[in-house]
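Trainee: Sequence first, then the predicted structure, then my questions.
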Amino acid sequence: MAYISVLALFLTVTNLIPVSAVGFLPIVFCAWRFFGRSYPSFMGPLTALTLFILASTLLYNPHSLTEFEFYRRDGNFFIAYAPIFAGCVYVHRWDMNKLLRAFFVFAVLINIPPYMLYLAQNGLLSIFKHPDDSFGSFFIARNAAGGFLAMLFCLGVACYLQKRSRIMLALIALNGLMLFSTYSRGSLLGAFAVLPYLYFGRKRLILASLMSCLVVASLAMAMYHTRPFVDYMGYTFSIQNADAKVANLDIRYEWLWPRALAYFRQSPIVGMGFGSFDDTIRNVTSYFGLLAVPSDVVIEHSDSHAHNSYLNFLAETGVVGLTLVLSFYWKLVKWSQNGAARSALVEHGQNFAAYRFVELSAVCLLVMAATEHRLVAPSNVLVLSLVISLLLASRPVRVMKPVRDPRVLHPQAPPYRERAQPYPAATGRSVPGS
């Protein structure tokens with residue numbers, strides 16, 4: 001089963017054919033192995049979030065669970081996070097440091113031919129004049145390519161921290177150029193945010209401040225651009241600016257973020273229903289301003305989302321959903337920090353690169369999530385999920401014990417090292433013959 005996860009990891013370099021989603025298959029074959037085991041603390045909020053999203057989907061539109069398009073678009077949360085559960089049902093004894101280093105080298109090298117072709121046709125700086133002519137790697141969307149390359153950048157940094165070499169630095173720099181050429185500004189922001197996080201010591205206070213600021217800033221931006229006389233439940237926004245990058249910002253500021261805030265205000269506790277953001281909701285029944293039940297709904301499975309994971313979770317799953325998401329990442333980072341420290345101090349560096357990658361990529365994802373719906377995008381999350389899966393299934397590497405040669409006799413201690421006999425206690429009497 002471990003080979004399935006490794007195959008899925010190496011196939012995350014593209015979403016032209018969604019074969020990297022096979023990382024969930026160990027659950028199908030070995031589901032009974034979930035029982036009778038202990039799990040890290042982050043599995044609690046992840047399991048609760050999965051059950052909550054499943055219940056929300058069943059209440060909102062249960063038929064969507066049987067549709068393929070749901071898992072490709074509205075429900076790609078299940079595809080992105082299922083491999084983590086798969087890591088609970090198989091075991092392996094591989095060297096994760098070597099495995100991830102090999103994957104990083106493979107992912108960079110396989111992108112060199114299309115990147116060289118891109119440079120020959122467009123040049124390095126053409127994206128500033130023609131934003132649409134950006135590097136897409138083996139992905140359909142530029143944000144998907146940027147997100148993957150940002151996660152790959154975190155992996156390169158983790159491998160370099162585990163074993164420093166000039167070749168690794170060169171590959172990281174080349175990966176950075178590829179990321180730059182995608183012109184995915186959110187991905188660049190997430191990758192660069194990792195560097196000050198490392199520089200200032202990866203403290204929990206920094207992470208808590210970062211998460212709080214991202215959520216507060218997202219809500220503040222949505223409130224600031226909300227217009228009081230616009231019906232965000234039914235109003236259709238039209239893009240006016242011909243510049244694609246500026247138009248993407250306009251549709252976020254003026255339509256998507258205020259719409260997500262409108263959803264959240266109607267049902268702040270549990271949201272309007274998982275997968276509801278892109279649907280046409282004609283009627284909403286509100287209960288005390290805390291719970292809203294939509295009706296007369298036209299279901300659509302599309303790529304339309306809030307372009308902000310925090311606002312999207314608030315709109316569809318409310319405070320409960322967002323709290324579980326943040327709790328999962330909070331505990332995941334702590335688990336990876338402890339794992340990296342234990343690896344460095346006790347386990348001779350075993351799995352160090354994997355633990356450090358989980359930590360850095362989680363921070364990168366949290367930053368990118370403020371600009372796109374990155375926390376559920378398979379092109380972004382699958383690399384992280386599959387590495388967590390392999391870490392959960394990892395067992396200590398067997399070390400051969402030295403064999404003693406029976407022909408070698410252990411010399412006995414010399415006579416002068418033998419334990420001396422204690423002197424007799426003094427009695428004050430003369431010894432005969434003295």
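Mentor: Great, that's in hand.

Trainee: export the helix or strand containing residue 260 as CSV, just CAs?
Mentor: Following DSSP states H and E, the helix or strand that holds residue 260 is helix 257-266. Only the C-alpha atoms of helix 257-266 are listed here, as CSV (Å, rounded to 0.1, in the frame of the first residue of the first chain):
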residue,chain,number,x,y,z
TRP,A,257,-15.6,38.3,-0.8
PRO,A,258,-18.8,40.4,0.0
ARG,A,259,-20.9,37.4,-1.2
ALA,A,260,-19.1,35.1,1.2
LEU,A,261,-19.6,37.6,4.0
ALA,A,262,-23.3,37.8,3.2
TYR,A,263,-23.5,34.0,3.4
PHE,A,264,-21.7,34.0,6.8
ARG,A,265,-24.0,36.7,8.2
GLN,A,266,-27.1,34.7,7.5
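
Trainee: which residues sit against it?
Mentor: When contacts are defined by C-beta atoms under 8 Å, 6 or more residues apart in numbering, helix 257-266 is touched by residues 218-219, 221-223, 225-227, 230, 232-233, 271-272, 276-277, 284, 286, 289, 292, 306-308, 311-312, 314-316, 318. C-betas here are computed from N, CA, C, even on glycine.

Trainee: List the buried residues for that helix?
Mentor: Residues 257-264, 266 are the ones in helix 257-266 that count as buried (16 or more other C-beta atoms under 10 Å).

Trainee: Can you lay out the residues you listed as JSON lines showing distance to residue 95 and pLDDT?
Mentor: Output for the buried residues of helix 257-266, formatted as JSON lines (distance: C-beta to C-beta, whole Å; pLDDT from 0 to 100):
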{"residue": "257", "distance to residue 95": "45", "pLDDT": "94"}
{"residue": "258", "distance to residue 95": "50", "pLDDT": "94"}
{"residue": "259", "distance to residue 95": "48", "pLDDT": "93"}
{"residue": "260", "distance to residue 95": "44", "pLDDT": "95"}
{"residue": "261", "distance to residue 95": "48", "pLDDT": "95"}
{"residue": "262", "distance to residue 95": "51", "pLDDT": "93"}
{"residue": "263", "distance to residue 95": "47", "pLDDT": "94"}
{"residue": "264", "distance to residue 95": "46", "pLDDT": "96"}
{"residue": "266", "distance to residue 95": "52", "pLDDT": "93"}
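
Trainee: quick one: which of those residues is nearest residue 94?
Mentor: Distance to residue 94, by C-beta to C-beta, is smallest for residue 260 among the buried residues of helix 257-266, at 41.9 Å.

Trainee: And the closest one, how far from residue 385?
Mentor: From residue 260 over to residue 385 the distance is 25 Å, taken as C-beta to C-beta, to the nearest Å.

Trainee: ok, now residue 129?
Mentor: For residue 129 relative to residue 385 (C-beta to C-beta), the value is 37 Å.

Trainee: for residue 136, same thing?
Mentor: 23 Å.

Trainee: Comparing the two, which residue is more hemmed in?
Mentor: residue 385 (27 against 18; other C-beta atoms under 10 Å).

Trainee: For whichever strand or helix holds that one, enumerate the helices and strands it packs against.
Mentor: Assigned by DSSP H and E, residue 385 falls within helix 378-392. Helix 378-392 sits against helix 2-10, helix 76-86, helix 96-122, helix 142-162, helix 352-368, with contacts defined as 3 or more C-beta pairs under 8 Å, 6 or more residues apart in numbering; DSSP states H and E.
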